[in-house]
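[1] The sequence and its predicted three-dimensional model are supplied below.
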Amino acid sequence: MSLDESSRRIFKIVGTRPVRPDGVDKVTGRALYGADMTAPGMLVGHILRSPHAHARIRSIDTAAAMAVDGVKAIVTAADFAAADDPDLQDILDNCMARGKALYDGHAIAAVAATTDKAARLALKLIAVDYDVLPHVTDVDDAMQPDAPVVQSGRAEENVPPGLSENVTTYVAFGHGDLEAGFARADKVIERQFRTAATHQGYIEPHACLATMGPDGKADLWCCTQGQYMVRNTCAALLGMDSSQLRVTASEIGGGFGGKTTVFIEPVALMLSKKSGRPVKIVMSRSEVFRATGPTISSSSDIKIGMTADGRITAGLARLRYQGGAFPCGTVSFGAQSAFAAYDLDAVATEGWSVMTNRPKEAAYRAPGAPMAIYAVESVVDELCQHFGLDPLDVRLKNAARKGTRSSYGPTFNEIGLMATLNAAKEHAHYSAPLGPNQGRGLSCGFWFNFGGDTCVSLNINADGTVGVTEGNPDIGGSRASIGMMAAEELGIPLDKVRTTVTDTNSLGYNDVTDGSRVTFAVGLATIKAARAAIDEMCRRAALIWGIDEDAVVWEDGAARPSGPNAGDFDPLSLADIAARSSETGGPIAGHHEVNADGAGVSFGVHLVDVEVDPELGSVKVLRYSIFQDAGKAVHPSYVEGQMQGGAVQGIGWALNEEYIYGDDGRLQNPGFLDYRVPVASDLPMIEPVILEIPNPGHPYGVRGVGETPIVPPLAAIANAVSRAAGVRLTELPMSPPRVLKAIKATSA
Amino acid sequence: MSRIHVNTSVNGDALDFLCEPNETLLDALRNRLGLTGAKEGCGTGDCGACSVTLDGSLVCACLVLAAETEGREVGTVEGLADGDHLHPLQEKFLEHAALQCGVCTPGILVAAKALLDRNPDPDETEVRYWLAGNLCRCTGYDKIIRAVLDTAADLREA
């Protein structure tokens, strides 16, 4: 569905900033999240987790635990049948270890009991006989031929020989003559970079409540980014028909990609099946860190050539990503996005995906892109420093634009990179004075964006109000933007529309809330559903007037006679037609089902000023500005919120956040005290500048905005630190000890 | 161990409950009193999602024993609004879009009210340090800080 000609119109509701419809629930404590639901007769579920990074499980003896008063069921991997599909089997093996514990925190068994105390006591009485194996948690170590093997036989056929079996995937992208490109350069810089694994850090731990009856019907309440994904996955793992498992998504306390898979849900269902009682499982924060989500950690080599006047002649990226104890495809996104911001004659990217004894990687906002673009943007900045060139001018000189053959293959359509770069250059921030020990950095960012399977149903109520039913959890204001697009299209006030996120049995399949897809794809389907309802309302009006339905148009929320009949009848408003719906043929509704394409790639530019304390090595963010193309900002406040929130997650990644493993292969910092996410006092205001270059693939020009903002902060801050402290750091996070060490090494 | 009978006041309502000696105030609020507005984000006092007041002082309900509330006054997010009139902070959080997922919001509102009760005219730095114990992963804090400052300005004029 392409951009409307009419999109140049003046919007009435789209682009305004109304209060979100779920707002009152969320400021009064009334909104119900994953852990807030209870059921009569409910049991408490807890999970036993491996204390070892890598161990064969010789046996699990549950007899003593089962004898504890109040224990109703115990589940291990033996309770689940093998899955047909290897990806499903990996999800299952991650939910419950089969034969081997693959990382510290890997689930071994689960207990359901009448009280929390009984469940915890039972966990202590489960006897697991482990054969502890050598482990590996570092990506480069895990690639060595003699590394401990996490899983055998998982490598894809095209993986080059001579590496450990831990290397499961190899990808390559690019075009042009790299050697000739480097030969044309006046300077070639080659650097190695490392980035730590970080966690999405959603404040709400995973939680679910499962109820399965002896008739095989089940209900599941859980916090997730996609109730349909949960249904399909759990139904397959429990051998159920998907129609018999109804999944309701709770309000979700953050996800950022980390709630696009299942961890406890199949386990709770199996405990409920075995006990015949509802079972609730809520993870502790330590479990969240040890067993869910983290992003990949990376090691990479970047080589870029540039002429003295700032034209990039060739770029090469070699990316090594570890995605935990299972095969992981994220490196492909890194290899495709590394040079996406540039219009290059010669570019090559290669990627290797590596298994380690760490938790299974889960998506985190633009998965795979931040660490690749961090490395590339650091080298581009160093080349600018070498030649004394303005880093914004160099980006403008090399920027991808409409018609550019991207580094990963496709040719770009309308994209907003040049516009964002120009906006950054013109902004007062770019020319503001800096003080001692202060530096300014910038970086481009990119994400592909996604559309995907989407269903929306829209019902016209007899009193002239409208119910929109959609299937994607509202993770940051999407009920507002969906409702606004419905009201805009129908021409009625926003308060006449109520948007509901529904369960899996009330609407067709919707892909998870990911890929920055919801406002784009659900919005598109909502507009189409509204148009279907409008067509029907025009037909009803024609019936009432006794004229041809083609002679009726919809304008300003009302049907009007047009053509030869123009002016013959008073307009019939949505409410007028709705009130007479029963006598004109029955209830009126519109719906739309689509696999939405045309999401439109997203670019952004971040500008940051930092001050480095040369004695402490600490980095203070002084000023931060974001320039991003939103296509069309439906609710600008929540677009800004995505930009600000993503940037601050990136600031945490750049400066503080990291998974720290000990020599024993155990996670050393599974809590918010030692895994330090940014707090309010770390930060300045974050200034968002929204640009609107309409996406040709959406009727209003909407482009996803959620993921791109986490991409630029890593390099923007590294580049600012480099200019403030006179040292180039090549490892994240740039924690005070690392910065101090780099400063001392330079001054020594 | 026998349970403890606790007489307390929550949001001005006198009530009593039985709890385990080692039970946290957070668990008692959520599991015994049906007040699920306070959230458990960490259980170790690091995230502030369970912020409540105890005799007017800001505390993490996960670090307070339920039995400690005997004879004292507990304030939670459910008590912020006056009937169907939202507290000015709640209004400003909506107006400024100062929440995304909303799970940290109850704790941040309770903490912000505790700040404004003490200091009706905080500057940006004071607000940022006061709220440094309340983690928000969605917003980057910008709109939260603006909402609190704007509320304070309005309340001073009122």
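    Right, received. Where do you want to start?
[2] which residue does the stretch 451-600 of chain A bring closest to chain B?
    residue A:476 (3.8 Å; C-beta to the nearest C-beta). The C-beta positions use only the backbone N, C-alpha and C, and glycine is treated the same way.
[3] Residue A:259 and residue A:224 touch, don't they?
    Yes - taking contacts as C-beta atoms under 8 Å, residue A:259 lies within contact range of residue A:224: 5.1 Å.
[4] shared neighbours of these two, which are they?
    Residues touching both residue A:259 and residue A:224 by C-beta atoms under 8 Å, 6 or more residues apart in numbering or on different chains: residue A:252.
[5] Same drill for those two, tell me which one is more crowded.
    Neighbours were counted for residue A:259 and for residue A:224 using other C-beta atoms under 10 Å in any protein chain shown; residue A:259 has more, 33 against 28.
[6] For the residue nearest to that one when sequence neighbours are not counted, give its distance to residue A:322.
    Of all residues not flanking residue A:259 in the chain, residue A:225 sits nearest, at 4.4 Å (C-beta to C-beta, 6 or more residues apart in numbering or on different chains). Residue A:225 sits 23 Å away from residue A:322, going by C-beta to C-beta, to the nearest Å.
[7] same check, this time on residue A:367
    From residue A:367 to residue A:322 the distance is 14 Å (C-beta to C-beta).
[8] Touching both of the two, which residues are there?
    By C-beta under 8 Å, 6+ apart, residue A:367 and residue A:322 have these common neighbours: residue A:296.
[9] what bits of the chain have low per-residue confidence?
    Using chain A here. Applying pLDDT under 70 to chain A flags residues A:1-2, A:5-8, A:748.
[10] Chain B was what I was after
    Residues of chain B meeting the criterion pLDDT under 70: B:1.
[11] could you redo the last one with a cut-off of 90?
    For chain B, the stretches with pLDDT under 90 are B:1-2, B:158.
[12] Which neighbouring elements make contact with the helix ranked longest in it?
    Counting residues, the longest helix found in chain B (DSSP state H) is helix B:142-157. Contact here means 3 or more C-beta pairs under 8 Å, 6 or more residues apart in numbering or on different chains; DSSP states H and E; on that basis helix B:142-157 packs against helix A:636-655, helix B:88-95, helix B:105-118, helix B:124-130.
[13] contact partners of it?
    Residues outside helix B:142-157 that contact it (C-beta under 8 Å, 6+ apart) are A:637, A:640-641, A:644, A:680, A:683, A:685-686, B:88-89, B:91-93, B:95-99, B:108, B:112, B:115-116, B:120-122, B:124, B:127-128, B:131, B:136.
[14] What of stretch A:694-703?
    Applying C-beta under 8 Å, 6+ apart, the contact partners of stretch A:694-703 are A:1-4, A:7, A:11, A:14, A:413-414, A:449, A:451, A:485, A:488, A:519-520, A:523-524, A:527, A:597-600, A:602, A:629-632, A:634, A:692-693.
[15] Which ones among these lie within strands?
    Among those, DSSP state E puts A:602, A:629 in strands.
[16] Provide a PyMOL selection command restricted to the buried entries of the contacts of stretch A:694-703.
    A single PyMOL command selects the buried members of the contacts of stretch A:694-703 (16 or more other C-beta atoms under 10 Å in any protein chain shown):
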select buried, chain A and resi 1+3+7+14+414+449+451+485+488+519+520+523+524+527+598+599+600+602+629+630+631+632+634+692+693
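[17] so what's residue A:399 up against?
    So residue A:399 contacts A:341, A:342, A:343, A:417, A:418, A:421, A:444 (C-beta under 8 Å, 6+ apart).
[18] residues touching the nearest residue to residue A:198 once chain neighbours are set aside, list them.
    Leaving aside its chain neighbours, residue A:198 sits nearest to residue A:657 (4.5 Å; criterion: C-beta to C-beta, 6+ apart). Counting by C-beta under 8 Å, 6+ apart, residue A:657 touches A:196, A:198, A:199, A:201, A:675, A:676, A:677, A:733.
[19] Contacts made by the host helix or strand of residue A:575 with the rest, please.
    Here residue A:575 sits within helix A:574-579, counting by DSSP states H and E. Defining contact as C-beta under 8 Å, 6+ apart, one finds that helix A:574-579 is touched by A:460-464, A:466, A:490-492, A:537, A:540-541, A:544, A:557-559, A:584, A:588.
[20] Tell me which entries of the residues you listed lie within strands.
    Those of the contacts of helix A:574-579 mapping onto strands are A:460, A:466, A:558, A:559, A:588, per DSSP E.
[21] how far does the lengthiest helix in chain A sit from the chain's center?
    Secondary structure of chain A per DSSP H: the longest helix is helix A:523-545. Relative to its chain's centre, helix A:523-545 lies at 34 Å (C-alpha atoms, centre = their mean, to the nearest Å).
[22] next one: stretch A:110-128
    34 Å.
[23] and residue A:189, that one's in a strand?
    Yes - the assignment for residue A:189 is a strand, going by DSSP: H, G, I helix; E, B strand; the rest coil.
[24] and it, how many neighbours does it have?
    Residue A:189 has 18 neighbouring residues, counting by other C-beta under 10 Å.
[25] Quick check: bridge partners of it?
    Beta bridges link residue A:189 to residue A:304, judged by DSSP bridges.
[26] That one contacts residue A:379, doesn't it?
    Yes - contact criterion C-beta under 8 Å: residue A:189 and residue A:379 qualify, at 5.4 Å.
[27] Overlap in contacts, those two.
    Applying C-beta under 8 Å, 6+ apart, one finds that residue A:189 and residue A:379 are jointly contacted by A:303, A:304.
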